[in-house]
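Trainee: fold the following for me, if possible:
(chains A, B and C)
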Amino acid sequence: MNRFLGFVRKEFFHIFRDKQTLLILFGMPIAQMLIFGFVISNEIRNVGIAILDQSHDVVTQKITDKILSSGYFLLEYKLSSPDEIEQVFRGGKVKEVVVFEPQFERKLARTGKANVQIIADASDANLANLISTYTTGIIQDYVNRSNAVNPVPMRIVPEVRMVYNEQLRGAFLFVPGIMALILVLISALMTSISITREKEMGTMEILLVSPLKPIQIIIGKVVPYTALAFINAVTILLLGNFVFGVPIQGSVILLLLECMLYILLALSLGILISSVTDNQMVAMMLSAFALMLPVILLSGFIFPIENMPLILQWICQLMPPKWFIIIIKSIMLKGAGIGYIWKETLILMGMTVLFLTISLKKFKIRLE
Amino acid sequence: MKMENRQPIIRVRNLVKKFGDFVANDNLSFDVQRGEIFGFLGANGAGKTTAIRILCGLSKPTSGEISVAGFDVYHQTDSIKRNIGYMSQKFSLYEDLTVYENIRFYGGIYGMTFREIKTRAVALIEKLGLTRYRDTLIGSLPLGWKQKLAFSVAIFHQPKIVFLDEPTSGVDPVTRRQFWGLIYEAAHNGITVFVTTHYMDEAEYCDRVSIMVDGRIAALDTPAQLIRTYGTANINDVFIKLARNPGLIPAEVQI
Amino acid sequence: MRTILFLLQKEFLQIFRNRMMLPIIFVLPLVQLIILVNAATMEMKNLKIFIVDQDLSVTSRQLVDRFAASPFFRISSRSFSLDEAGEAMERGKTDIILHIPANFEKDLVRENRAEVQFLFNAINGTVAGIGYGYAASITGSYNREIIAKWYQIPKGVIAQQSIEVRPSFWYNPELNYKVFMVPAVLAILVTIIGAFLSGLNIMREKELGTIEQINVTPIRKHQFIIGKLVPFLIIALVELGFGLTIGKILFDIPINGSLFVLFVTAAIYLMTILGLGLLVSTLARTLQQAIFISFFFMIVFMMMSGLFTSVETMPNWAQNINIINPIAYFMKLVRTILLKGSGFRDIYHDIIALVIYGIAMLSLATWRYRKTV
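Mentor: You can find the predicted model right below:
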C-alpha cells in the first residue's frame, strides 16, 4: 500500500511540475465557459445593413430611424439603385438590404398597403433568418402603433411560458455541454497520452517489472486525473451557478456522484485508447478526433439530436456524453431525482464496465 | 611534435559559458591541430557537450576568443557550419527515411551535386557493407550500424573538422572498435576529429586528450605523456586520480 | 534553392511514409464533412408538441389541426390533464405544450379575446425561441383567417394600414444550413492541417534530436522554415480541393466565386496559421505541451470564428477580439467567395489584414526559432 501511495505521489508530481500544461488544464474550462457565456448567443448586435429608399418620404424615414435606433443594426450604406445591392453584399459588411418601394407613403395612404422588401444575405442561413425576423418585427411594431386607434376584433392571445429557463439563457444549455466536453478531454486525452508516453519512453516496462500490480499502476496513473477532472467539474458548476445563474434544483450530492461516474467512464475510455496504441501522436489523434467531434456534435450539446438524420441519431445513442448531458440537465434544471434518471445512469455504468473489461483484457494479453 | 608554427584549426582562449549562476565551462583554453584526433574526456555533466555545441555554433559562449577553421564563433557561424560535420549524442538520422535517402538528404543540404551524391553514396554504402539495405528504413537497422552510418553521413560532405559527441555510447565493444577504424580513416584523409567520450579506454586511441573535471580542463596531453606524468597504469586511473584529488589540477594547463 | 528542394523531398518522403497521414488527409475530411454537415443543423423540424385541449370546440380543433399540418410540429400526445403534460415534459418526451383552456371559443366570440397557453421546454433557448416564432405565426395566421371568415371583410375596405414585408434570401433562398456549414468545415480542415501537423512535425524533430543535426548544417533559418511550411501548405491546398469536390458531389454546394481567388486566399491564410503553429513549436518544450497549447487556441479560435454561430451575434468586445483571430477571417472569406462569388476587389481589406498577420507570424516564428535551440 505504501509503495502504491508513493507511486501515486510520483504521478501527481509529474503533473504539477509542468506549469504550462496545468495552466491550460485549469484555464480551458474557464475560457470555454466565458466564450459560451458571453460570446455565443442568438441575439444580434450591430449587424451591418444598407437601405435602398426609393421613396424618400416621412414614413420611410420614420421606419428607417426605428430600425437604426433599435441597436440591432448599423447603417453601412445608403444605396441609390438596386444594382448596388449585389456589390455591397459581396463586400461582406452588409448582411441585409431594406428596400422601400417608390411612392411608399402615397400608396400606404391611398390603398392602405405598401411593400418593404428585406433582402438578407443567406450565405449565413441562421443569421439571415434572425435578422429578417427582427426587421419584420420592428416594421410590424410600427404598423401596430399607427393602427392603435382601431384594435383588432376577436384576438387570440398566445400566452407563453418558457419552462425551466424563463429568460432563455444560453447558459442552461452550455454548462452541461461544457462539463461533458471538458471532463472527457481531460480524463481521456490526458490518461491516454500519459500512459502511451510512459510506453514510448520505455518506462512502462520498468513499472511492470516492479512489485506493483498492473491494476495498481493503472489506478495510480488515473487517480491524479480523476482529482483534476473533479476539480474542473466543480469549477464549472460554481461558475455556472454564480456567474451565469444556472440553478441547481436537484441534489448536489447526486450531481457530484454522477459527475464522478462520468469521469470514471472517460478515464476508462482513455485507458482503452492507450491499450490500443503505443504512440503519443496516435493517442492524441484518437482522443482528439474520435472524442472531441462526437462530444461537440453528436451529444445534443450544440445541435439538437432530433433534427439529425436517423442514422446519426442512432450513432448519438452510443455517445456517453449524450446520456450525461441528459442527466445533468435533469438534475440541475428540473430538480429530478434518481427516479427519473436511473436509466441513463445505468447506461453510463454499463459503458464504463464494458470499456474497463476490454482494456483489462488487452492489457493482460500484452503482458503474457 | 613539430606543429608549433602551424596555424591551429581550432583555437580556444578563455572560453566561459554560464547558464545563470551555473558555470558549465570555466575558462577553457586549448588548440587543436590540423589532422589531429583530439579527445575530450570527462564524466557526464563535466561540460563536454556544452563546449562542443559552442564550437559547432549551436550556442553562444558567454565570453572568450574562439575560432574554428579560421572563423569566429560569434559572427561567422554560417562559415563554420559549411566546414564542419557533427554527430550528436542523440541519434540524428531520420528513422523513417532509408539509408540512401538519409545520405542524399545530407549531401544535398551541403550543396553537393546530384552526380557527386550518387557516386559517393554508392561507394559509401558499399564500403559499410550495407548494399543490401540501401532501401531499408534506418529505424529497422541495429544500433551499431546506425552509429557507423551516422558518422559516415557526418563526414559525407568532406568537412575540415568533424565533431563527435559521445558517438559510441550504448554500442557493443566490437562495433566500437570498427567505429574507431572509421575515425582513423577519416583522420588519415585529412579530417580533424574532435571527439568527446566518457569511455576512458577510447582516450588511448586519440592523438591528444584533454580531461575535463567540473567544467575545467584538468589535464591536456598525449595519452602516453599523461600516464607518465601521473604515474598510473592507464588513462582511466589518471582520470580517477584527478577527480579524487582536485589539488593535483594545475591552475593553468599548458597548451 | 537547391537546399530547399532537398528539404522538401525529405519532408514529403516522411509525411507519406507515416501510416497515419493518408487517413488523416483523406478519410478525416470525408467523415467530418458527412457528420458535421448532417449533424450541425439548426433547422427545426418535428418539434414534439403535447396538446391539452380542454375546450374541444370547432375553433380549438381547427387551431390544433393547423399545428398538426405544419412541418415544424409533430403532435406527440393529447390529454385533458395539464399535469400529465408537465410530466411528459419533465421526462423529455415533449418540447412544447399547447394548452387551450375551456371556454376558449366562447371567450373569443363574447369577449373578443381568448387566451391560449404555450409552454416551451426552454433549456435549449434557441430551439424554444425559434419554436415560439413558428407557433406564433401559425396562431396569428389562423386568427386572421377566422376574423376574415366571421366578418366577411371585403379587401381594402377596412381602415387598417398594413405594410407588407417581403423577405427574400439571397445566395441561399431555401435557407439551407448545409450551404452554410460545408465552407466552414473546409476552413476547419485546412486549419487542422496547417496549425497542427506542421507545428507537431517540428516538435517531433526536436524530441528525436534530429533538429540539432540540421542546426549544424549550413541550412539557413528561412530555408528550414520554408522546407517545413511548403509541404503542409501544398497538402492543405490539396485537402481543400478534395473537400470541395466532396462538398460539390455530396451536398451540391454552390461554387459561385473563382477557384483561383479561393486558393490564393487559402494560401495566404495558411501562411498565417502555419506561422502560428511554428511559433507554438518554438515555445513548447515537449510534444505533449505543444499538443495542449495548440488544442486550446484551436478550440477558442474556432468557437469565436463563427463556425456554428454568426459573428454578428457576438458582443462588441468579442467581435473586436476576432481582429486577431485568423480562423474568423478565413471562415468569412471562404463563405463569401464560395457562396457570393466575391472577388479580390470585394475582399481586399480582409486579404491585406491576413497578409500582414501572416508576415508578422512568420517573422516572429523565424526570429524565435534559433533562440530556443
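Trainee: can we go C-alpha only for contacts and neighbour counts from here?
Mentor: Fine.
Trainee: ok, which stretches of the chain are strands?
Mentor: Using chain A here. Remark: strands assigned in chain A by DSSP state E are A:47-53, A:73-79, A:96-100, A:113-121, A:155-163.
Trainee: if you could check chain C rather than the one you did, that'd help
Mentor: Applying DSSP E to chain C gives strands spanning C:47-53, C:73-78, C:96-100, C:113-121, C:162-170.
Trainee: kindly export the last one (C-alpha atoms) in PDB.
Mentor: As requested, C-alpha coordinates have been extracted for strand C:162-170 and formatted as PDB (Å, rounded to 0.1, in the frame of the first residue of the first chain):
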ATOM      1  CA  SER C 162     -50.600  47.400 -43.500                       C
ATOM      2  CA  ILE C 163     -47.100  47.200 -44.700                       C
ATOM      3  CA  GLU C 164     -46.300  44.000 -46.300                       C
ATOM      4  CA  VAL C 165     -42.800  42.900 -45.500                       C
ATOM      5  CA  ARG C 166     -41.400  40.500 -48.100                       C
ATOM      6  CA  PRO C 167     -38.200  38.900 -47.100                       C
ATOM      7  CA  SER C 168     -36.000  37.300 -49.700                       C
ATOM      8  CA  PHE C 169     -32.900  35.400 -49.100                       C
ATOM      9  CA  TRP C 170     -30.100  35.800 -51.500                       C
END
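Trainee: figure out how far that strand is from the centre of its chain.
Mentor: Relative to its chain's centre, strand C:162-170 lies at 26 Å (Cα atoms, centre = their mean, to the nearest Å).
Trainee: packing partners of that strand?
Mentor: Judged by 3 or more Cα pairs under 8 Å, 6 or more residues apart in numbering or on different chains; DSSP states H and E, strand C:162-170 is in contact with strand A:113-121, helix A:125-146.
Trainee: can I get these in TSV including mean pLDDT, distance to chain B and mean neighbour count?
Mentor: Listed next are the helices and strands packed on strand C:162-170 as TSV, based on pLDDT from 0 to 100; distance: least, Cα to the nearest Cα, whole Å; neighbours: other Cα atoms under 10 Å in any protein chain shown:
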stretch	mean pLDDT	distance to chain B	mean neighbour count
strand A:113-121	86	50	21
helix A:125-146	79	47	19
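Trainee: any chance of the ones you listed in JSON lines, with distance to C:Val27 too?
Mentor: As requested, the helices and strands packed on strand C:162-170 are exported to JSON lines (distance: least, Cα to Cα, whole Å):
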{"stretch": "strand A:113-121", "distance to C:Val27": "32"}
{"stretch": "helix A:125-146", "distance to C:Val27": "28"}
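Trainee: which one of those lies closest to C:Val261?
Mentor: Smallest distance to C:Val261 across the helices and strands packed on strand C:162-170 (Cα to Cα): 20.4 Å, for strand A:113-121.
Trainee: which residues sit against that closest one?
Mentor: Under the criterion Cα atoms under 8 Å, 6 or more residues apart in numbering or on different chains, residues A:89, A:94-101, A:104-105, A:107-108, A:128, A:131-132, C:161-172 lie in contact with strand A:113-121.
Trainee: what number of residues lie near the residue in chain B positioned nearest to chain A?
Mentor: In chain B, the residue that lies nearest chain A is B:Lys90 (14.1 Å; Cα to the nearest Cα). Neighbourhood size, B:Lys90 [other Cα atoms under 10 Å in any protein chain shown]: 16.
Trainee: what about the closest residue to it other than its chain neighbours, distance to B:Tyr94?
Mentor: Computed as Cα to Cα, 6 or more residues apart in numbering or on different chains, the closest residue to B:Lys90 that is not its neighbour in sequence is C:Gly209, at 5.7 Å. Separation of C:Gly209 from B:Tyr94 (Cα to Cα, to the nearest Å): 10 Å.
Trainee: of these two, who's got more company?
Mentor: Applying other Cα under 10 Å to C:Gly209 and B:Tyr94 shows that B:Tyr94 carries more neighbours, namely 21 against 18.
Trainee: surely that one meets B:Ile138?
Mentor: Yes: at 6.9 Å, B:Tyr94 and B:Ile138 qualify as touching, with contact defined as Cα atoms under 8 Å.
Trainee: common neighbours of the two, please.
Mentor: Going by Cα under 8 Å, 6+ apart, no residue sits against B:Tyr94 while also sitting against B:Ile138.
Trainee: how about the residue of the stretch 101-250 of chain C found nearest chain B, what does it touch?
Mentor: For the stretch 101-250 of chain C, the nearest residue to chain B under the criterion Cα to the nearest Cα is C:Thr210, separated by 4.5 Å. By Cα under 8 Å, 6+ apart, the contact list for C:Thr210 reads B:Lys90, B:Phe91, B:Ser92, B:Leu93, B:Tyr94.
Trainee: tell me the one of those residues nearest chain C?
Mentor: For the contacts of C:Thr210, the nearest to chain C is B:Ser92 (4.5 Å; Cα to the nearest Cα).
Trainee: does that closest one count as helix, strand or coil?
Mentor: coil (DSSP: H, G, I helix; E, B strand; the rest coil).
Trainee: how close does the residue nearest to it when sequence neighbours are not counted sit to B:Arg176?
Mentor: Distances taken as Cα to Cα, 6+ apart place C:Thr210 nearest to B:Ser92, at 4.5 Å, with adjacent residues excluded. For C:Thr210, the distance to B:Arg176 (Cα to Cα) stands at 22 Å.
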